[in-house]
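K.L.:
Attaching a predicted model along with its sequence, questions to come.
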Amino acid sequence: MKTFSQIREKLGRMPSGEHVKDYKLSGIPVMIHKEKGRFVVYIDGDRLDAYKNLPQAEKMAKMFVKQYKG
């Protein structure tokens, strides 16, 4: 039986919108895309939230990963 992670990896689609930034925080992949004038943060392939500007999106991604790992 396939796990949820295996199914999600098989899909492997890039989220919609313009790709802005892609990096890793503490070994966890983070992607930022621009959709409809908002910056959307994806952590490990899952959508976190949309923010008004890029610095705020990066800050919130860092905060989430810190709490996730901590």
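P.N.:
That came in fine, so what should we check first? None of these values were measured; they are calculated from a predicted model.

K.L.:
tell me the SS of the closest residue in space to residue 41 that isn't next to it in sequence?
P.N.:
In this structure, residue 41 finds its nearest non-sequential neighbour in residue 48, 4.2 Å apart by C-beta to C-beta, 6 or more residues apart in numbering. C-betas here are computed from N, CA, C, even on glycine. Under DSSP: H, G, I helix; E, B strand; the rest coil, the three-state class of residue 48 is strand.

K.L.:
what's the answer for residue 30, then?
P.N.:
Residue 30 ends up strand, using three-state DSSP.

K.L.:
nearest spatial neighbour of it, skipping sequence neighbours?
P.N.:
residue 61 (5.0 Å).

K.L.:
name the element the one you found belongs to?
P.N.:
Taking DSSP states H and E as the criterion, residue 61 maps to helix 54-69.

K.L.:
buried set for that helix?
P.N.:
By neighbour count with 16 or more other C-beta atoms under 10 Å, helix 54-69 contains the buried residues 57, 58, 60, 61, 64, 65.
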